[in-house]
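Trainee: For reference, the sequence and a predicted model appear below.
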Amino acid sequence: MAPRRMETRPVIFCLKTLLLLYSFIFWVTGVVLLAVGLWWKFMLGPYMLLISSGPSNVPYVLTGTGAAIVLFGLFGCFATCRGRPWMLQLYAVFLSLIFLTELIAGISGFVFRHEIKGTFLVTYSNAVLKYDGRDDGSLAVDDVQRRLHCCGVSNYTSWFSSAYFPVRGIPASCCVSFSDCSEADLKNATLAARKVYKQGCYELVTSFIESNMGIVAGVTFGIAFSQLIGMSLACCLSRFITANQYEMV
């Protein structure tokens with residue numbers, strides 16, 4: 001038995017090293033997901049508000065999953081160092097649960113990416129029609145127009161049918177230059193045409209969100225399938241230790 005145990009030491013050491021390396025990379029992906037969740041919340045928040053009737057839960061899911069991965073990554077390092085089969089098996093279970101969560105999230109994001117155009121057209125058009133410059137939807141419209149340098153749904157003329165135009169004209173967020181864009185100019189359709197952005201927001205926003213949804217879905221899928229490597233390493237090391245009755249200190 002002693003010679004056999006001596007022969008297994010290099011194999012277990014190799015598996016341990018690979019699993020430790022994987023656990024560190026796994027921990028880094030958790031930090032990445034946390035960052036993506038925060039980026040989604042603060043950068044895509046206004047766009048998501050215009051797409052759904054309420055705030056999106058996606059950034060919270062990404063942030064929560066990232067935090068869980070950070071904790072499980074640390075547990076994976078501890079379990080690998082201890083070399084306890086039950087810890088390694090538990091780590092493999094954790095990885096499988098996170099794999100399923102990320103896979104579902106990635107699929108949902110990919111499907112949502114293809115449904116976004118029709119939904120955004122309706123909600124953004126309604127937000128323009130009901131714009132008052134004060135509520136969350138109006139602030140989201142202003143944020144989109146300032147960031148993307150656009151105006152209205154298809155173009156600035158979309159504002160002519162809004163309830164806001166007869167009172168205040170086209171919103172100031174459409175102005176190319178705020179210093180040369182008075183309220184009187186914005187209430188005059190002829191003058192406003194020379195003061196505001198010409199391109200509508202619909203095509204710009206859908207293109208922007210679709211491209212970013214693709215990035216998020218791609219990153220999520222990549223991280224999810226990397227869990228299969230960790231699961232295999234953890235299970236292999238656990239079985240190897242159990243079969244050879246070897247405990248690592």
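Mentor: Received, thanks.
Trainee: what's the single longest helix in the chain?
Mentor: helix 85-129 (DSSP state H).
Trainee: In terms of secondary structure, what does that one contact?
Mentor: Here helix 85-129 touches helix 45-51, helix 58-82, helix 136-148, helix 201-243, going by 3 or more C-beta pairs under 8 Å, 6 or more residues apart in numbering; DSSP states H and E. Placement of C-beta: from N, CA and C, glycine included.
Trainee: Adding mean neighbour count and mean pLDDT, write the ones you listed out as CSV.
Mentor: Shown next, in CSV, are these (neighbours: other C-beta atoms under 10 Å; pLDDT from 0 to 100):
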stretch, mean neighbour count, mean pLDDT
helix 45-51, 20, 65
helix 58-82, 19, 83
helix 136-148, 19, 86
helix 201-243, 18, 78
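Trainee: Of all those, which one comes closest to L34?
Mentor: helix 58-82 (3.5 Å; C-beta to C-beta).
Trainee: any idea how far that closest one is from the chain center?
Mentor: Chain-centre distance of helix 58-82: 17 Å, with C-alpha atoms, centre = their mean, to the nearest Å.
Trainee: Contacts for that helix next, please.
Mentor: Helix 58-82 is contacted by residues 16, 19-20, 22-24, 26-38, 40-41, 44-45, 48, 87-88, 90-91, 94-95, 98, 101-102, 105, 109, 216, 230, 234, 237, 248 when judged by C-beta atoms under 8 Å, 6 or more residues apart in numbering.
Trainee: Now list the buried members of those residues.
Mentor: Using 16 or more other C-beta atoms under 10 Å as the burial test, those include 16, 19, 22-23, 26-27, 29-30, 33-34, 36-37, 40-41, 44, 48, 87-88, 90-91, 94-95, 98, 101-102, 105, 109, 216, 230, 234, 237 as buried.
Trainee: Now the closest residue to L233 other than its chain neighbours. Its backbone dihedrals?
Mentor: In this structure, L233 finds its nearest non-sequential neighbour in L19, 4.5 Å apart by C-beta to C-beta, 6 or more residues apart in numbering. Phi and psi for L19, reported as degrees, to the nearest 10, are phi -70, psi -40.
Trainee: Just confirm L19 contacts S238, I think it does.
Mentor: No. Applying C-beta atoms under 8 Å as the test, L19 and S238 come out as separate, 10.0 Å apart.
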